[in-house]
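>>> What follows is a protein structure lacking sequence information:
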């Protein structure tokens with residue numbers, strides 16, 4: 001699997017909103033890149049489906 005991040009249209013909007021608000025909600029259908037996009041713009045991450053990962 002290629003690990004290269006492909007820029008998305010929403011990247012610039014996400015950067016702008018994170019600077020203003022500090023947190024955002026990313027919603028969309030399965031397998032559209034929400035998690036990968038979030039990882040690219042974050043310093044840390046907690047997956048809510050497995051709370052033990054964040055502890």
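Good, I have the coordinates. All of these numbers come straight from a predicted model, not from anything done at the bench. Numbers count the residues shown, from 1 in each chain.

>>> Go ahead and confirm residue 28 touches residue 36.
No - contact between residue 28 and residue 36 fails when scored by CB atoms under 8 Å: they sit 11.7 Å apart. In this view, the C-beta of every residue, glycine as well, is placed from N, C-alpha and C.

>>> Give me the phi and psi for the residue nearest in space to the middle of the chain.
Closest to where the C-alpha atoms of the chain average out (CA atoms, centre = their mean) is residue 38, at 0.9 Å. In terms of degrees, to the nearest 10, the main-chain angles of residue 38 are phi -60, psi -40.

>>> residues contacting it?
Residues near residue 38 by CB atoms under 8 Å, 6 or more residues apart in numbering: 26, 45.

>>> how close does it sit to residue 25?
Going from residue 38 to residue 25 by CB to CB, to the nearest Å gives 10 Å.

>>> and what of residue 9?
The value you get for residue 9 to residue 25, if CB to CB is used, is 17 Å.

>>> try residue 7
21 Å.

>>> If you count surrounding residues, which of these two has more?
Each of residue 7 and residue 25 has its neighbours counted (other CB atoms under 10 Å); residue 7 has more, 9 against 6.

>>> Look at the more buried one and report its pLDDT.
Predicted confidence (pLDDT) for residue 7: 91.

>>> for the one 10 residues further on, same thing?
We note a pLDDT of 93 for residue 17 in this prediction.

>>> ok, now how distant is it from residue 26?
From residue 17 to residue 26 the distance is 10 Å (CB to CB).
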